[in-house]
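In: model this:
(chains A and B)
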Amino acid sequence: MRLEIIPVMVSEEQIKHAANDLDQHVEEMINWHFSPESGCPFWLNWAKEQDFNPLEEIRTLAELYDKFPYFEDEWLRDLPNKVWVPQAFADRPFNIFETGGTTGMPKQRIGWDDFRIDYTSFSKTLNDDHFPRDHYWLMVGPTGPRRLRLAIEHLANERGCSCYFVDLDPRWVKRLIATQQFDQARAYMDHVVEQALTIIKNREISALFTTPKLLEALAERRDLVSAGIKGVFCGGTTMDRQYARFLQEEVCEGGKIGFVPTYGNTLMGLARNHPFGPENDYSIAYYAPQPRAVLRVIDTASGKPVEYDNWGRVELTTLTKEFFMPRFLERDEAIRREPWKEAPWDGVAEIRPFGAMEKKIVEGVY
Amino acid sequence: MKQVPHLPSLRLGKPYCSLNQSEVLDYRDGSVRATLSQVNPGVIRRDLKEVGQARAALQKFSTAELLEISRQAGEFFLHEELPVGKAGELQSPQEYLETLSSTSGLPHIMVSRNMEKIHHALTHMDTILNGLTRGLDVEVLDRGYGEQSGSPVCFHPTTKALGLVMPSNSPAVNSLWLPAIPLKIPVIMKPGKDEPWTPYRLMQAFIKAGCPAKAFGFYPTDHEGAADILRLCDRALIFGDKSTTDQYAGNPGVQVHGPGFSKVLIGEDEIENWQDYIDLMVASISDNGGRSCINASAIIVPKYAKEIADALGQRLGPIKPLAMNDPNAVLSGFANPKMAEWIDAAIDADLLEAGAYEATAPYRDGPRQVKAEGGTYLRPTIIACESIEHPLANREFLCPYASVVEVPQSEMLDKIGPTLVVSALTKCESFKRELLMDPRIERLNVGPISTMKISWDQPHEGNLFEFLYKRRSIGLAA
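Out: Residues are numbered from 1 along each chain as shown, chains lettered A, B, ... in the order given. Reported below is the predicted structural model:
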């Protein structure tokens, strides 16, 4: 079904301009990661085993898609972190960030400044009315070995203040749910919510980062508007259109609290959302932080993008000096949306776990 | 072409159209007969915080007024056009009957009988309350205290709302929650996936009769939403199979309505007359399409099991699916054909275990599972079992199904297990006394009474008044 979405209001020229910028960025990143003086051991060794030379044959994103196979996530799990250190960063210790790991070895991404760059850029998209400068944040969500913890703290700092934290271990929650220990999962969620409410009660907080389910649970226990919350930056689990509508209309009281859903992860950074509401049936479309990351919605059989407003699997390409990750198939599916004037490239909408319509997916509270 | 109606959720009476919708399908061709607003569980949790308002709205009425509203609702339910759908479309009783039949697989005649049962319940609600409360003056409920049989009594509600997780198998099951309204307890319901029609129509009938709309929560939702209804309403009813109901066994706030395992027992004194009771057994097994928990699923006898099984096989084996509007239709189609496949395979798999055979097979021209009249059906199945330990001896399926088992009378009550309805064919005083004292039988019929015969003034499966109200001691200074 094609949805009537807000008029796109983006010109062909804007789209072309963004695509050109992206191609230039691709060329720059290929030169960086496949040159011995700046690249990392993994990609330099990988290139030696190929029948093409990236430095000579990849100048554009289209050429990258044409030549590179899907990125194998086992590489991030099985190989030592040092193979991913670009020569240019060799003299600096790195942060280690993890994703997954409910069972077995998690995937790890190393980094230096990317999270700051990504979140400084994202900060510019936030509205000062809902996320006041020089005021406190609270993060209620997965901290531990995740990039998100440092990123949110940086975001609060970037906006002139500090952040409180309440941790949540999503690996434990997923395990509880997978083994049908629902009472335990609920007790753990209550434990997290109580800690958050204690901070909200005793400190002045105006901005919140949390997951949709935790946001809902907080709002069931406390009137967040009267508690002083002005904005919620939300990410984590699937939000279908009804859930997004419910969170905006009821939990965030129809705009009294600014509701900013995002799509992001350790490997990409942060994709911002297109405005949503009754005018587009609450279908939330996210736009990657190009040129540093590119999202496509593809048909995995052909490897080509699906038509606009059709479902396909989400594919991520990350293109920063710290990390090059071409054509990583996310565990998500989404609807491909047309470019937007503030992000004149493809968007990904109504993201849900890949195969969600066919099988039950354990998401828990994160 | 008539537009497919969309049934909104009712959020304490207020229609709410969700962006998530499910489809209610025709059991024959899969065509969409309605769409349903599916709400996320947060909607229910949020509304339950306000449910005190719903109870307050009901408390403004006296019980007598609510009994009159119930009576009028019964008339509206059976005879009047009532709103269905978000646009206020109206549905006539005949349209309700035909639509429900098309999505549930129940033949028209059975829907019609179910409508009559519901109508009877609503129009005789005073009798039902009298039975539930053992003759309590209804003004005691309005005042909160009073006298009964010369003793002071005081009752307080145990909950602000009655949670309901409903099944799809039979419309009359809705009659179980109807007394909640004159008892001034709002209902918060997840309707059955394939049968939203009856509860929605009942709620509309109540509202038209003057009941506050706030008293009704109608929430098509997912498993999490159902679990929240059961968890957050201090009193709730759940209907389901054994695996579902086992989860809530022992939870005093949840009244479990699972399989009935209802039975006909013949005593040693009457067994030589077994042929006189064949009609009763046939009716107990096959009325209402064999879909009710009060349908007999086992015939327990001290001897002649093979002969009785053969006689039932002769009567039930030839029964075939008939057109939905045929007044002689006995079988119901399956809204979910996979359920029929599963039942058929389960019976065949257990028949591989020695000690049982199908007595209907010689009298049935073809397989048990058939495609007919555009739908999927299971034809009646009688299994003769050598022992009550056989896996098919004490089972219940959503079709006319029963085992016939020989058990000495002296061992019957120890072996039948929990049983919703027992129809005991005996005149033996000592056996009757044993039956009367047995705690595992919920309703006992002594003599030639079908298991399908229930009394509205005697609850056969949990007493809703005792579930929703608790007596306390009271002292009032003069």
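
In: Could you check how many residues crowd around the residue of the stretch 251-400 of chain B found nearest chain A?
Out: Going by CB to the nearest CB, chain A is nearest to B:N251 of the stretch 251-400 of chain B, at 12.0 Å. Backbone N, C-alpha and C define where each C-beta goes, glycine included. Counted with other CB atoms under 10 Å in any protein chain shown, the neighbours of B:N251 add up to 13.

In: same deal with B:D246?
Out: 12.

In: per-residue confidence for it?
Out: Note on B:D246: pLDDT of 81.

In: Contact partners for the residue of the stretch 201-350 of chain B found nearest chain A?
Out: Closest to chain A within the stretch 201-350 of chain B is B:A227: 7.5 Å, counting by CB to the nearest CB. By CB atoms under 8 Å, 6 or more residues apart in numbering or on different chains, the residues touching B:A227 are A:F182.

In: Could you tell me the per-residue confidence at it?
Out: Among the per-residue scores, B:A227 holds a pLDDT of 93.

In: Please determine how far it is located from A:F52.
Out: 55 Å (CB to CB, to the nearest Å).

In: List, one by one, the residues from the stretch 101-250 of chain A near chain B.
Out: Applying CB under 8 Å from any CB of the partner chain, we find that the stretch 101-250 of chain A lies next to chain B at A:F182, A:E216, A:E220, A:D240, A:R241, A:Q242, A:Y243, A:R245, A:F246, A:E250.

In: Just the residues you listed: which are in helices?
Out: Applying DSSP state H to these, the entries found in helices are A:F182, A:E216, A:E220, A:R241, A:Q242, A:Y243, A:R245, A:F246.

In: now, which of these sits nearest B:P380?
Out: A:F182 (39.6 Å; CB to CB).

In: Beyond the helix or strand of chain A at the bottom of the mean pLDDT ranking, next helix or strand please.
Out: Within chain A, no helix or strand scores below strand A:263-265, which has a mean of 88 by mean pLDDT, DSSP states H and E. As assigned by DSSP states H and E, the chain's next helix or strand after strand A:263-265 is strand A:269-273.

In: residue contacts, B:G225?
Out: The contact partners of B:G225, by CB under 8 Å, 6+ apart, come to B:V39, B:N40, B:P41, B:I44, B:K190, B:Y219.

In: swap in B:L19?
Out: Counting by CB under 8 Å, 6+ apart, B:L19 makes contact with A:D240, A:R241, A:Q242, A:R245, A:D281, A:Y282.

In: Give me the three-state assignment for it.
Out: Going by DSSP: H, G, I helix; E, B strand; the rest coil, the secondary structure assigned to B:L19 is coil.

In: Residue numbers of the stretch 251-366 of chain A in contact with chain B?
Out: Residues of the stretch 251-366 of chain A lying close to chain B (CB under 8 Å from any CB) are A:V251, A:D281, A:Y282.

In: remind me which residues of the stretch 351-478 of chain B are low pLDDT?
Out: Judged against pLDDT under 70, the stretch 351-478 of chain B has no low-scoring part.

In: next one: chain B
Out: Along chain B, the model assigns pLDDT under 70 to residues B:1-2.

In: between the ones in helices among the residues of the stretch 101-250 of chain A next to chain B, which is nearest B:E80?
Out: Using CB to CB, A:Q242 comes nearest to B:E80 of these, at 32.8 Å.

In: Tell me the spacing between the closest one and A:E72.
Out: Note on A:Q242: its distance to A:E72, by CB to CB, is 36 Å.

In: what does B:R45 give?
Out: The value you get for B:R45 to A:E72, if CB to CB is used, is 42 Å.

In: Who has more neighbours out of those two?
Out: Higher neighbour count among B:R45 and A:E72: B:R45, with 19 against 11, using other CB under 10 Å.

In: Buried ones in the helix or strand that one falls within, by neighbour count?
Out: Using DSSP H and E, B:R45 maps to helix B:41-48. Buried positions in helix B:41-48, judged by neighbour count with 16 or more other CB atoms under 10 Å in any protein chain shown: B:P41, B:G42, B:V43, B:I44, B:R45, B:R46, B:D47, B:L48.

In: Following it in sequence, what is the next regular element?
Out: Next helix or strand after helix B:41-48 toward the C-terminus (DSSP H and E): helix B:51-59.

In: neighbouring contacts of that following helix?
Out: Residues outside helix B:51-59 that contact it (CB under 8 Å, 6+ apart) are B:12-13, B:66, B:157, B:160-161, B:181, B:184-186, B:188, B:211-212, B:214-215, B:217.

In: swap the cut-off to 10 Å and go again
Out: Applying CB atoms under 10 Å, 6 or more residues apart in numbering or on different chains, the external contacts of helix B:51-59 come out as B:12-13, B:47-48, B:66, B:142, B:157, B:159-161, B:180-188, B:211-217, B:232-233.

In: In contact with the nearest residue to B:A180 once chain neighbours are set aside, which residues?
Out: Leaving aside its sequence neighbours, B:A180 sits nearest to B:L162 (CB to CB, 6 or more residues apart in numbering or on different chains; 4.6 Å). Going by CB under 10 Å, 6+ apart, B:L162 touches B:177, B:179-181, B:183, B:185-189, B:217, B:229, B:233-237, B:255, B:464, B:467-468.

In: swap in B:D241?
Out: B:D241 touches B:P167, B:G258, B:P259, B:E396, B:L398, counting by CB under 10 Å, 6+ apart.

In: List the ones among the residues you listed that fall in helices.
Out: Among the contacts of B:D241, DSSP H puts none in helices.

In: Would you check how far apart the closest residue to chain A within the stretch 51-200 of chain B and B:E68 are?
Out: Nearest residue of the stretch 51-200 of chain B to chain A, counting by CB to the nearest CB: B:V51, 13.8 Å away. Going from B:V51 to B:E68 by CB to CB gives 24 Å.

In: Check A:Y164 too.
Out: Separation of A:Y164 from B:E68 (CB to CB) stands at 58 Å.

In: before we move on, what about B:A54?
Out: For B:A54, the distance to B:E68 equals 20 Å [CB to CB].

In: Those two: which is more packed in?
Out: Ranked by neighbour count (other CB under 10 Å), B:A54 and B:E68 place B:A54 first, with 25 against 17.

In: check contacts around the nearest residue to that one once chain neighbours are set aside.
Out: Nearest residue to B:A54, sequence neighbours excluded (CB to CB, 6+ apart): B:P186, at 3.8 Å. B:P186 sits next to B:12-13, B:51-58, B:159-162, B:180, B:212, B:214-217, B:233 when contact means CB under 10 Å, 6+ apart.
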